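Asks: Fold the following, please.
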Amino acid sequence: MITIEQLISQIEQRQPVLNKAELSAEQCHLGLEGIGNLTTANCRQLSFLSNPHYLSSLANTQAGAVFITAEHCNEVPNNTVALIVAVPYLAYASVSQLFARQHSVSGIHPTAVIADSAVIGNEVTIGPFCVIGEQVQIGDCCVLEAHVVVEDNTTIGTDGVIKPQVVIGHDCVVGHHVRLHAGVSIGSEGFGFAPTRDPSATGGERIAQLGRVVIGNHVRIGSHTCIDRGAIDDTVIGDHVIIDNLVQVAHNVRIGDGTAIAAHTGIAGSTSIGKRCIIGGAVGITGHIDITDDVTLSGMTMVTKSITSAGSYSSGTAAMPTANWRRAAVRFRQLGRD
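Replies: Okay, the predicted model is just below:
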């Protein structure tokens, strides 16, 4: 059970609970066991109203407590504890972590292979069949689940969570409070080849990738995302970056603090992306360009030139009936001939 007092403590790391002083001791000690929506939540669950579209569900909710703005607090039923905050959705996000399933296994599994020169911090969990290379440093309170590979000379900060089948290449640096989800590849070889006279006969000349990947603090990287090591300089991911599943970040890319990247985005080599950018799903970004701070790229946008002014950018075409699209495509080709 999580008490309302504990919820308030968690919420107030991000925003104040505006009616905290008005809550009774009985209300503060009310125990909650989960989160539900306004329609289905019971008296032992928490809910929230962040979108006025669902206001009609508030009057009949059975939730034990609800996050609500001051504007709608008088509409909360008498049997439900109202917790007044400026941003209910943010409050919900904060307390959701209290109800999440906790890792139940601790210690180092006997099947893990750990080099004698590796330095393992306090209260670290290392799961079955993990491989930890020479001179690796793993900070306190990290959890490495099954089949994680950490290659030589890599450093991982404190409080990391690394899910199964993650591979972190040699010499990489991973900051504190980083979450790497299943199948993530950090520091694999970047896609670098020099052309030869006849690639069909002799192939391309492989360029050894000599840089690292450096990941900041409080970074989240989704399943099966690949972040390649730099060719000469490092690939750098800033603090508080969040990256979705199946994203490709090529060698020497730099991503600024607080940027969010949705699934299926591909970022070509040596591109620099600023702080607080929002990059939608399936965006393609060409190499060797700069994108300034506070840029939003809507889904499936193709970026081929540097963006120097903050704002929202889009490209591509929305879905339409195939016959209409074909006519539009013909006209678009004709425009290119003018």
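Asks: so where's this protein shaky on pLDDT?
Replies: Scanning the chain for pLDDT under 70 picks out 338.
Asks: And the helices in it?
Replies: Secondary structure of the chain (DSSP state H): helices located at 4-11, 25-28, 55-58, 88-99, 199-202, 322-337.
Asks: mind putting the ones you listed in TSV, distance to residue 276 and mean neighbour count included?
Replies: No exception for glycine: its C-beta is placed from N, CA and C like everyone else's. Below are the helices of the chain laid out as TSV (distance: least, CB to CB, whole Å; neighbours: other CB atoms under 10 Å):
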stretch	distance to residue 276	mean neighbour count
helix 4-11	23	18
helix 25-28	36	12
helix 55-58	31	14
helix 88-99	16	17
helix 199-202	41	8
helix 322-337	33	9
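Asks: Stretch 289-301: end-to-end distance?
Replies: Stretch 289-301 has an end-to-end distance of 15 Å (CA to CA, to the nearest Å).
Asks: quick one: buried residues of that stretch?
Replies: 289, 291-292, 294-297, 300-301 (16 or more other CB atoms under 10 Å).
Asks: Over to stretch 235-247?
Replies: Residues of stretch 235-247 classed as buried: 235-241, 243-247 (neighbour count, 16+ other CB under 10 Å).
Asks: want to try a markdown table for the residues you listed, with distance to residue 328 as columns?
Replies: Compiled in a markdown table, the buried residues of stretch 235-247 are given as follows (distance: CB to CB, whole Å):
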| residue | distance to residue 328 |
| --- | --- |
| 235 | 39 |
| 236 | 41 |
| 237 | 39 |
| 238 | 40 |
| 239 | 43 |
| 240 | 40 |
| 241 | 37 |
| 243 | 34 |
| 244 | 30 |
| 245 | 32 |
| 246 | 29 |
| 247 | 30 |
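Asks: Quickly check those residues for the two that are furthest apart.
Replies: Within the buried residues of stretch 235-247, 239 and 246 form the most distant pair, 22.8 Å apart (CB to CB).
Asks: which residues touch residue 284?
Replies: With contact set as CB atoms under 8 Å, 6 or more residues apart in numbering, residue 284 has these partners: 265-266, 301-303.
Asks: list the contacts for residue 188?
Replies: By CB under 8 Å, 6+ apart, the contact set of residue 188 is 167, 169, 226, 228-229.
Asks: same thing but 6 Å
Replies: For residue 188, the contact set (CB atoms under 6 Å, 6 or more residues apart in numbering) comprises 169, 228.
Asks: Apart from its neighbours in sequence, what residue is nearest residue 266?
Replies: Nearest in space to residue 266, with sequence neighbours left out and distances taken as CB to CB, 6 or more residues apart in numbering, is residue 248 at 4.6 Å.
Asks: which ones are touching residue 230?
Replies: By CB under 6 Å, 6+ apart, residue 230 lies in contact with 211, 251-252.
Asks: One more pass at 10 Å, please.
Replies: By CB atoms under 10 Å, 6 or more residues apart in numbering, residue 230 lies in contact with 187, 190, 192, 209-214, 236, 250-254, 269-270.
Asks: Sitting in strands, which of these do you find?
Replies: 187, 213-214, 236, 254 (DSSP state E).
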